[in-house]
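# what would the 3D arrangement of this be:
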Amino acid sequence: MSDWVRRSFTSIGGTQSPPGRHLAALQDKYMGKVVLCIDVSGSMAEHDGGGRSRLDLAVLGAHQFVGEAVGANYQVGLILWDTGVHQFVPLTADPEPVYRALRHARIAGGTALAPTLRKGIQVLGELRGDRVIAVFSDGEIPDGHAAGEAARDAAVRDIRILVRGLGPGAAASLDPIATEGDRAENTVNSSADIAFGIASMAQRVVRGRASRAEG
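Here you go, the predicted structure:
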């Protein structure tokens, strides 16, 4: 009698080394994208009690935000904004170009948010995966109507918008454009809290993606 036994053999799915030309497109579906938008208007030159400007503190928080976002598999872009887009860094999985721009951030002019939102939409609109615009401002937004229209356009495209505003006035001004978060979460209470406020948006970015996946 034969001791031959029919057996089933299984293995992991097909692989290719080096990766094929479609790998980037496959990864793109699962890679998050976030554009961090930091106010560099004139009021950001004001100093806290420790001798640091609001911009100095914003850069500290932005640096932490970028590190956490990249660590959570997000590509990160940067907009330094005043009345328009003062400086733009394209989306990247390498944090160094963003860190470099933050190190050289300088105070610019006035304040208008709509051009920055439209730039974020232009960058994120045709991409896949979780897409987020994260905004910090230290003052009220004078172009609220135009910013609201841009925010509605972002919502139609399923782009999330997170905000942090310094003080209740700034937070109230930004609230209408936010897609998540409440007034308390969106308010940075004092200049000393700017770094933490900006950095905390990274956790909100990741939590929001997890909530959508569960939904």
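# would you map the helices across this structure?
23-28, 54-71, 96-103, 114-124, 144-156, 167-174, 183-186, 194-214 (DSSP state H).
# how about these in JSON lines, adding distance to Trp81?
The C-beta positions use only the backbone N, C-alpha and C, and glycine is treated the same way. Shown next, in JSON lines, are those (distance: least, Cβ to Cβ, whole Å):
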{"stretch": "helix 23-28", "distance to Trp81": "26"}
{"stretch": "helix 54-71", "distance to Trp81": "12"}
{"stretch": "helix 96-103", "distance to Trp81": "12"}
{"stretch": "helix 114-124", "distance to Trp81": "4"}
{"stretch": "helix 144-156", "distance to Trp81": "11"}
{"stretch": "helix 167-174", "distance to Trp81": "13"}
{"stretch": "helix 183-186", "distance to Trp81": "18"}
{"stretch": "helix 194-214", "distance to Trp81": "14"}
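# quick one: average confidence on stretch 135-154?
When pLDDT is averaged over stretch 135-154, the result is 97.
# coming back round to it: for Ser41, which of the helices of the chain is the nearest?
Checking those against Ser41 by Cβ to Cβ gives helix 54-71 as the closest, at 9.5 Å.
# gap between that closest one and the chain center?
Computed by Cα atoms, centre = their mean, to the nearest Å, the chain-centroid distance of helix 54-71 equals 11 Å.
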